[in-house]
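Q: Okay, here's the prediction I keep looking at, along with the sequence it came from:
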Amino acid sequence: MNKGGLCSITFRELSVNEIIELVKKAGLNGIEWGGDVHVPPGDFEKAKEVADATKKAGLDVVSYGSYYRVGIPNDISFETILETAVHLTAPSIRVWAGRLGSAKADDTYRKNVVEDAQRIAELAKEHNITIHFEYHGRTLTDTPESALALMKDVNHPNAKLYWQPAVGEAVDKRLESIEKVKPWLSHIHVFHWDELEKLPFNQGIDEWQQYINAINKSKGIGNKTRYFLMEFVKDDNPQQFLEDAKVLKKLLN
């Protein structure tokens, strides 16, 4: 099943309650709460408050959007992030596949990322939580080939992969990337940009219909709900988000 939601980092300047009201007004179903502003790691009381407010509004806590860099030193431990996710009642945690692009990563660097990914996936499993790599430049998921190799090497049932359109890449290449990584695909970050600016989502209907059709053929998340999470909008404008959400809901229905 597909549902729509919002990444809270889209509106870092809004409060938790303002984001909840905006998502309700948009008629979407859930929120990925970011760890940089809205739910700081280690603030367990805040995490519980956000969880309670989200559920009281009839929305799902989809994920905890952490900034944990797998395989390299972090200022905040994964154990603290995991405990925050538990208080947030988040079923999944977004993480990042290191801090180097695949072209610059040697075998030792990749091995460190794989081993740490296996470690944190096992820790998360104890709480029935999955970890999800951000599909992003300057990490080991910066190409579909590297992302595929990473997921095969990690080979853990609690390790999944987000997807988002690589900025500046042609639509056919993006569709090829979905095909390559689809066994591990989980949630999707949704936006419509060109290389220079964020655009109204209705200008991307044709290509997003193709992405959704391709993603629907994947089984990476099994029988669980897959969330299409809107991330960033033109001019960071809440009204634009409401317009974009209308388009997303039509595409998902």
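A: Arrived safely, thanks for sending. What you see is a predicted model; the values in this text were computed from it and never measured.

Q: residues in contact with residue 232?
A: Applying C-beta atoms under 8 Å, 6 or more residues apart in numbering to residue 232 gives the contacts 7, 10, 191, 193, 198. In this view, the C-beta of every residue, glycine as well, is placed from N, C-alpha and C.

Q: Report the buried residues of the helix or strand where residue 119 lies.
A: Assigned by DSSP states H and E, residue 119 belongs to helix 107-125. Using 16 or more other C-beta atoms under 10 Å as the test for burial, helix 107-125 gives 109-110, 113-114, 116-118, 120-121, 123-124.

Q: surely residue 19 meets residue 8?
A: Yes: here residue 19 reaches residue 8: they are 5.3 Å apart, a contact under C-beta atoms under 8 Å.

Q: of the contacts of residue 232, closest to residue 96?
A: Checking the contacts of residue 232 against residue 96 by C-beta to C-beta gives residue 7 as the nearest, at 14.3 Å.

Q: Quickly list what that closest one is bridged to.
A: Beta-bridge pairing for residue 7 (DSSP bridges): residue 32.

Q: What about it, how many residues nearby?
A: Summarising burial for residue 7: neighbours were counted as other C-beta atoms under 10 Å, giving 24.

Q: for it, what are its contacts?
A: Contacts for residue 7 (C-beta under 8 Å, 6+ apart) come out as 31-32, 34, 65, 189, 229-232.

Q: Just give the closest residue to residue 214, not the sequence neighbours.
A: Sequence neighbours aside, residue 178 is the residue nearest to residue 214 in space, at 4.5 Å (criterion: C-beta to C-beta, 6 or more residues apart in numbering).

Q: Next: residue 43.
A: Spatial nearest neighbour of residue 43, chain neighbours left out: residue 84 (7.1 Å); criterion: C-beta to C-beta, 6+ apart.

Q: From the contacts of residue 232, which shows the smallest pLDDT?
A: Within the contacts of residue 232, residue 193 has the lowest pLDDT, namely 90.

Q: distance of residue 190 from residue 3?
A: Distance, residue 190 to residue 3, by C-beta to C-beta, to the nearest Å: 12 Å.

Q: Give the intersection of the neighbour lists for the two.
A: Residues touching both residue 190 and residue 3 by C-beta under 8 Å, 6+ apart: residue 228.

Q: Looking at the two, which has the bigger crowd around it?
A: residue 190 (28 against 17).

Q: mind checking pLDDT for that one?
A: Per the predicted model, pLDDT is 97 at residue 190.

Q: Let me see the ranges of the strands in the chain.
A: Here the chain has its strands, by DSSP state E, at 2-7, 30-34, 60-69, 92-96, 130-133, 159-163, 185-190, 226-230.

Q: of all those, which lies closest to residue 252?
A: Closest approach to residue 252 among the strands of the chain (C-beta to C-beta): strand 2-7, 4.8 Å.

Q: okay, the closest one in CSV with CA atoms only?
A: The C-alpha coordinates for strand 2-7 follow below in CSV (Å, rounded to 0.1, in the frame of the first residue of the first chain):
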residue,chain,number,x,y,z
ASN,A,2,1.2,3.5,-0.8
LYS,A,3,0.6,6.5,1.4
GLY,A,4,1.7,10.1,1.3
GLY,A,5,3.6,12.1,3.9
LEU,A,6,6.0,14.9,4.6
CYS,A,7,9.6,15.1,5.8
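
Q: what ranges of the chain fall below the confidence cut-off?
A: The chain contains residues with pLDDT under 70 at 220, 223.

Q: circling back: looks like the residue nearest to residue 214 contacts residue 165 (just checking).
A: No: between residue 178 and residue 165 there is no contact under C-beta under 8 Å: 9.5 Å.

Q: any common contacting residues for these two?
A: Common neighbours of residue 178 and residue 165 (criterion: C-beta under 8 Å, 6+ apart): residue 211.

Q: how distant is stretch 97-109 from the center of its chain?
A: Mean-position distance between stretch 97-109 and its chain equals 21 Å (C-alpha atoms, centre = their mean, to the nearest Å).

Q: Kindly check the end-to-end length of that stretch for me.
A: Taking C-alpha to C-alpha, to the nearest Å, stretch 97-109 runs 11 Å from one end to the other.
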